[in-house]
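Participant: Got a sequence here, can you model it:
(chains A and B)
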Amino acid sequence: MIRRSWRAAAILIPFAFLAGCGKTPEVTDTAAAGTAHIPQVYRYGNSAEPQDLDSQVVTGIPENHVLQALAAGLASPDPKDSHAIPDLAKSWDISPDGLTYTFHLRENLEWSDGSPITTDDFLLAWKRLISPKMASEYAYMIYNYVVGAEEYYNGKITDFSKVGFSAPDAHTLVVKLKSPTPFLINMIAGHYSWNPLPIKTLLKFGALDERSTPWTRLGNYVGAGPFMLKEWIPQERLVAVRNPHYWDAARVKLDEVDFIPTEDISAEERMFRAGQLDKTQEIPTSKIDTYKKDHPELLHIDPYLGIYFYRINVSRPPMGDKRIRKALALGIDRESIIKNVARGGQVPAYSMSPPDDAGYNEGARITGTLDDARKLLAEAGYPGGKGLPPIQVLYNTSANNKQIAEAIQEMWRSNLGVESELQNEEWKVYLDDQHHHNYQVERSGWVADYADPNVFLEIYESTNGNNDTTWASPEYDRVFHEAMAAPNNAVRYEKYHRLDQILVDECPVIPIYFYTRPYLMSTRVKGIWPNPLDIHPFQDIYLEN
Amino acid sequence: MIRFIVVRLLQTIPVVWIIITATFFMIRFVPGGPFTAERAVSPEILRNLEAHYGMNKPLYKQYLDYCGSVLKGDFGPSFKYPTRSVNEIIGEKLPVSIELGLISLAVALAIGLPLGVLAAVKRNTWIDYLCSSFALLGVCIPTFVMGPLLILVFAIHLGWFNASGWYTPVDRVLPSLTLGLVYAAYVARLTRGGMLEVLSQDYIRTARAKGASELRVIMKHSLRGGLTPVVSFLGPAIAGIVTGSFVIETIFQIPGIGREFVNSAFNRDYTLVLGTVVLFAGFLIVMNLVVDVVQVWLNPRLKFE
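Facilitator: Below is the predicted model:
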């Protein structure tokens, strides 16, 4: 009997034991390292765990942030206005016809392991990006623009020397383009796909075009950026420390950047309040007003080059009628949505092109009154919305999308007499429906990879994989291709003005607002300026003690 | 007993196989895939990506390939994290969840058992009502309310702990308290119920009649029988608690397997979904088996059959 009683206890004892066990990883304590020099450790909420560190594999924003620290390219975005400034290249020349770019590399460039950065590290990286076997999602960043690259990707040519890349000497790279691409430099600066790769390191772990080799793992990874990888515990933190081999190491003030994955924005905000983060990625909308009132010094609302809009599937009747699309666009009170729902200081959008995007301003705006909207509806055969079947509005599940959709539903009902039905779907189901044109009207967003109006206008060209409206306009396509061939920005921007006008007239998409970036930042963080791409080079950031 | 365990383990093989098959095809039929992104991947790039992951083969072939590698104990590479394998991710994250789970269980038992016993012994007194109210409250307050509440008080206002993270041993306190309190409530309720039943049995009256002290009656005679419902509950509960809690791991930013489990489905990380489902199923089956064995051990009236 007694033995049996002990057995009951025996079940419980191991838990008591195990409860006491636990690994004890080192603590990052900035104050413990001494009083003479307080290390500059910048703790950065980075929204999600980076997928990988291979700049030709990753596609997300958290990865972009990490690569800003660990990697470098020919040019980088200016911390104040995101225009391209020299980085690994000290300068570049553009031929008068705009088709040839010559980059002059700095002398004595080194990878973070001290080995030299050579022109091969650029050429072979570009070769890798457009190797079909590599299957890089960003291969088009090269093959859309560089001579012979598309043919190489599609296997029509197998000799890489036929692609428009060359290195006439140890410090010069030449790129030949299919058409003048005035935004090429901004693209190279803003996006990591053109970055060089440490080919020698890479080849230790597999063939050049082999995807997903462990060369990016801790202990293997080598980069050209201002920081280098020191620690990486997935879903816990990624630590980057100052890279003494970076060409501009003197400019770097931080000793360490800790990238903390903060998937849950409420948890991120609590970490910030508890003093665990110096800067957050986002802030819950419901907290914006509180911070505005109580701690305006911590709340930052920066511009952000992106647009929130409604996309219309014009092949779904009656959406083929542009009068109905225009009426729906006019029936939305954008100021009210921003003031009462989105609440993050967003900018009302009346065109698809954001204001002051690389010096470009929109060429046309949606204008008209509610009376105009009602008139258009009546002309289309639905006076006062009568007879119009309810419009199906699709959005991906999120509180913000839901509230905006409900606001628009009410605006359409009271302003136009148009009924609508809302449907939400999980992110990938929603994207699948979008790409298969299985919707009538849907909420969409588009954010720039680099600063140029092309980002927002190219996607409505009829063959563009991101059009998804089924709307095609021969005139739009023609003007777009003319813009791509334009010799300079003045001519190109003029063509873009026409594109803006066509979009406003035809309304295959309804602009709602331009994004902003609301986030929290400690007052001791300096060297961050609001800029349209939300890229804040870590070289310039420092902490005021 | 050995025979019982071996037979039961053999029975799990078809169960796990059915789970793998059902999950494999279900996740494939869900709209959207691992490469579905806001920025549509061009058809030629998509073809190359699918070729890299062997997704250009017929589905039945992919299924057979997958079963083959599972037999070898290899759950394949993750789609979302290209340089890491599912085995590696599970190997990294599972210990974290197990640690959190076991500490939470210890909290649950340390609070729940005494409360349950106390409530049963002091039946229908204010002590009973107090303990039962606590249990009811624990069951009612969801973890996503309790967690932020504890963080607000102990991390933000008092500054005793980190608000989130899994860096130091102290970081275990708030999450395991949050998770443990919910289970403590269940344990208290079940213990009270079980004890009440046992305390009304004849052999307890006999023990008392023979002059056994109240403490002895409770500890030696009642507790063993009274724990039976708790043990049945603990089996699946342990399986659930150590394979990770998505909510707790998200609130406290804990690098556990629960987050991977849920996020893998959102990411359509086919291999990681399968790996975590198989893991969870395996745990559940094993824990149920352990419970059955322990039940017989505790209760002389049951036999291995």
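Participant: From now on I want contacts and neighbour counts done on CA atoms only, so please keep to that.
Facilitator: OK.
Participant: And the residue nearest to residue A:483 when sequence neighbours are not counted, which helix or strand is it part of?
Facilitator: With sequence-adjacent residues excluded and distances taken as CA to CA, 6 or more residues apart in numbering or on different chains, residue A:483 is closest to residue A:492, at 4.7 Å. Assigned by DSSP states H and E, residue A:492 falls within helix A:489-506.
Participant: in chain A, what spans have low per-residue confidence?
Facilitator: Scanning chain A for pLDDT under 70 picks out A:1-36.
Participant: any residues touching the next helix or strand after the helix holding residue A:492, and which ones?
Facilitator: Counting by DSSP H and E, the element after helix A:489-506 in chain order, helix or strand, is strand A:509-520. Here strand A:509-520 makes contact (CA atoms under 8 Å, 6 or more residues apart in numbering or on different chains) with A:269, A:272, A:279-283, A:298-312, A:329, A:334, A:338, A:344-352, A:354, A:469, A:503, A:534.
Participant: and the stretch 401-545 of chain A, which residues reach chain B?
Facilitator: A:426-429, A:431-432, A:435, A:465-466 (CA under 8 Å from any CA of the partner chain).
Participant: Neighbours of residue A:524, how many?
Facilitator: Using other CA atoms under 10 Å in any protein chain shown, residue A:524 is surrounded by 10 other residues.
Participant: now swap in residue B:17 and tell me
Facilitator: Neighbours of residue B:17 under the rule other CA under 10 Å: 13.
Participant: three-state assignment of residue A:167?
Facilitator: strand (DSSP: H, G, I helix; E, B strand; the rest coil).
Participant: Quick check: the nearest residue to it once chain neighbours are set aside vs residue A:165, distance?
Facilitator: Computed as CA to CA, 6+ apart, the closest residue to residue A:167 that is not its neighbour in sequence is residue A:173, at 4.5 Å. In this view, residue A:173 and residue A:165 are 7 Å apart by CA to CA, to the nearest Å.
Participant: Settle it for me: which of these two has more neighbours?
Facilitator: residue A:165 (24 against 21).
Participant: who's in contact with the closest residue to the more buried one other than its chain neighbours?
Facilitator: Closest residue to residue A:165 apart from its sequence neighbours, by CA to CA, 6+ apart: residue A:175 at 4.8 Å. Contact analysis of residue A:175 by CA under 8 Å, 6+ apart lists A:100-102, A:146, A:164-166.
Participant: Ok, residue A:82 next?
Facilitator: Contacts of residue A:82 by CA under 8 Å, 6+ apart are A:190, A:451, A:531-533, A:535.
Participant: Okay, it and residue A:533: tell me how far apart.
Facilitator: Counting by CA to CA - residue A:82 and residue A:533 are separated by 6 Å.
Participant: Hmm, residue A:164 is touching residue A:146, no?
Facilitator: Yes: counting by CA atoms under 8 Å, residue A:146 is a contact partner of residue A:164 at 6.0 Å.
Participant: which neighbours do the two share?
Facilitator: By CA under 8 Å, 6+ apart, the residues touching both residue A:164 and residue A:146 are A:175-177.
Participant: Give me the subset of the contacts of strand A:509-520 lying in helices.
Facilitator: Mapping the contacts of strand A:509-520 onto helices (DSSP state H) picks out A:269, A:272, A:329, A:334, A:503.
Participant: Which one of those is nearest to chain B?
Facilitator: Closest approach to chain B among the ones in helices among the contacts of strand A:509-520 (CA to the nearest CA): residue A:272, at 8.5 Å.
Participant: coming back round to it: ranking the contacts of residue A:175 by neighbours, who comes first?
Facilitator: residue A:165 (24 neighbours).
Participant: OK, contacts around that one?
Facilitator: Contacts of residue A:165 by CA under 8 Å, 6+ apart are A:123, A:173-176.
Participant: give me the element residue 62 is part of.
Facilitator: Since you didn't name a chain, this refers to chain A. Here residue A:62 is assigned to helix A:61-70, by DSSP H and E.
Participant: that answer is for a different chain, and I need it for chain B
Facilitator: helix B:59-71.
Participant: Residues of the stretch 201-305 of chain B that sit close to chain A?
Facilitator: Residues of the stretch 201-305 of chain B lying close to chain A by CA under 8 Å from any CA are B:220-221, B:224, B:250-255, B:266-267, B:297-298.
Participant: Number of residues surrounding the residue nearest to residue A:483?
Facilitator: Neighbour count of residue A:492, defined by other CA under 10 Å: 21.
Participant: one step back: pull the distance from the helix or strand where the residue nearest to residue A:167 lies to the chain's centre.
Facilitator: Using DSSP H and E, residue A:173 sits within strand A:172-176. On the basis of CA atoms, centre = their mean, to the nearest Å, strand A:172-176 is displaced by 27 Å from the centre of the chain it belongs to.
Participant: after it, next one along is what?
Facilitator: Sequence-wise, the next helix or strand downstream of strand A:172-176 (DSSP H and E) is helix A:184-190.
Participant: And for that following helix, what's in contact with it?
Facilitator: By CA under 8 Å, 6+ apart, helix A:184-190 touches A:73-77, A:82-85, A:194-195, A:449-452, A:533.
Participant: Out of those residues, which comes closest to chain B?
Facilitator: Once CA to the nearest CA is applied, the member of the contacts of helix A:184-190 that ends up nearest chain B is residue A:449, at 10.8 Å.
Participant: tell me the SS of residue A:257?
Facilitator: Once three-state DSSP is applied, residue A:257 turns out strand.
Participant: Would you enumerate the residues in contact with it?
Facilitator: Contacts of residue A:257 (CA under 8 Å, 6+ apart): A:41-44, A:239-241.
Participant: And for residue A:316?
Facilitator: Counting by CA under 8 Å, 6+ apart, residue A:316 has contacts A:439-440.
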